[in-house]
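**Q** based on what follows, work out the 3D shape:
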Amino acid sequence: KVGYQETFLAREHAKLGHEVHVVTSDRYNPTLYSGNAAKPLMGNRLVGAGFFTEEGIKVWRLKTLFELPYAIWMRGIDKKIQELKPDIVIVHGIVSFHAIRIARLKKRLGNFKLIYDDHMFSANSTSRLRGLYPLFRWTFSRQIQQAADALIGIAEASKDFMNKKYGIPLERISIIPLGADDTLFKLDSSTRQ
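**A** Numbers count the residues shown, from 1 in each chain. The predicted structure follows:
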């Protein structure tokens, strides 16, 4: 409902004929609810666990074991991925509990392609936990790199951030810029003028 890539990418994959499942938590990100704008648009922050169809996409919302600022632990993500038997898993964001858990699952099973994409760049890194990037780099980055079939940044700034903060070699990172939903945005020369 807020127009993020995760929704549009899933929808576009489904339009291409792929069977798409989104596995996520039972709640929306708390930063969306820091003001008063999100609730009228999205409803309650706590959505609940279970299977839903949201905007035509199959969504599995898993129960949350615990939530920290900027981090969440979803119960049963390994089990759900094994149950769905995907050909490809796309993980949005590299520095998260589930990114590490899925890297370990891929190492154990090895029966799916694993793609990580990351939107972070230095100007956007305002988390109070950003001081932990060196810890992540030295403890988990190698596991993610070994498990990943592709590592994607959305811009040169993201690629640079992934290299400097996560320790991922530049040659491992591809760039796929964010697009726009062409059903919502159309070229209009007169309006542009």
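**Q** secondary structure element holding residue 60?
**A** Using DSSP states H and E, residue 60 maps to strand 57-62.
**Q** who does that strand pair with, and is each partner parallel or antiparallel?
**A** strand 21-25 (parallel), strand 50-54 (antiparallel) (DSSP bridges).
**Q** those: which one's closest to residue 177?
**A** Residue 177 sits nearest to strand 21-25 of all the strands paired with strand 57-62, at 22.0 Å, using C-beta to C-beta. From N, CA and C alone the C-beta is placed, and that goes for glycine too.
**Q** what residues sit buried inside the helix or strand just after the closest one?
**A** Sequence order places helix 38-42 as the next helix or strand after strand 21-25, per DSSP H and E. Neighbour counts over helix 38-42 (16 or more other C-beta atoms under 10 Å) mark residue 38 as buried.
**Q** again, but for stretch 160-173
**A** In stretch 160-173, the ones that count as buried by 16+ other C-beta under 10 Å are 161-163, 165-168, 173.
**Q** and those residues, which of them are in strands?
**A** Members of the buried residues of stretch 160-173 lying in strands (criterion: DSSP state E): residue 173.
**Q** now do the longest helix that the chain contains against strand 21-25, angle only.
**A** Secondary structure of the chain per DSSP state H: the longest helix is helix 97-109. Our comparison of helix 97-109 with strand 21-25, counting by axes from the mean of the first three to the mean of the last three C-alpha atoms, to 10 degrees, yields an angle of 130 degrees.
**Q** against which helices or strands is helix 97-109 packed?
**A** Here helix 97-109 touches strand 71-74, helix 77-84, strand 88-92, strand 113-118, helix 141-147, going by 3 or more C-beta pairs under 8 Å, 6 or more residues apart in numbering; DSSP states H and E.
**Q** a markdown table for these, including mean neighbour count, mean pLDDT and distance to residue 15?
**A** Listed next are the helices and strands packed on helix 97-109 as a markdown table, based on neighbours: other C-beta atoms under 10 Å; pLDDT from 0 to 100; distance: least, C-beta to C-beta, whole Å:
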| stretch | mean neighbour count | mean pLDDT | distance to residue 15 |
| --- | --- | --- | --- |
| strand 71-74 | 18 | 91 | 27 |
| helix 77-84 | 15 | 97 | 20 |
| strand 88-92 | 18 | 96 | 16 |
| strand 113-118 | 20 | 96 | 19 |
| helix 141-147 | 17 | 94 | 28 |
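**Q** quick one: which of those is nearest residue 105?
**A** Minimum separation from residue 105 across the helices and strands packed on helix 97-109 (C-beta to C-beta) falls at helix 77-84, 5.1 Å.
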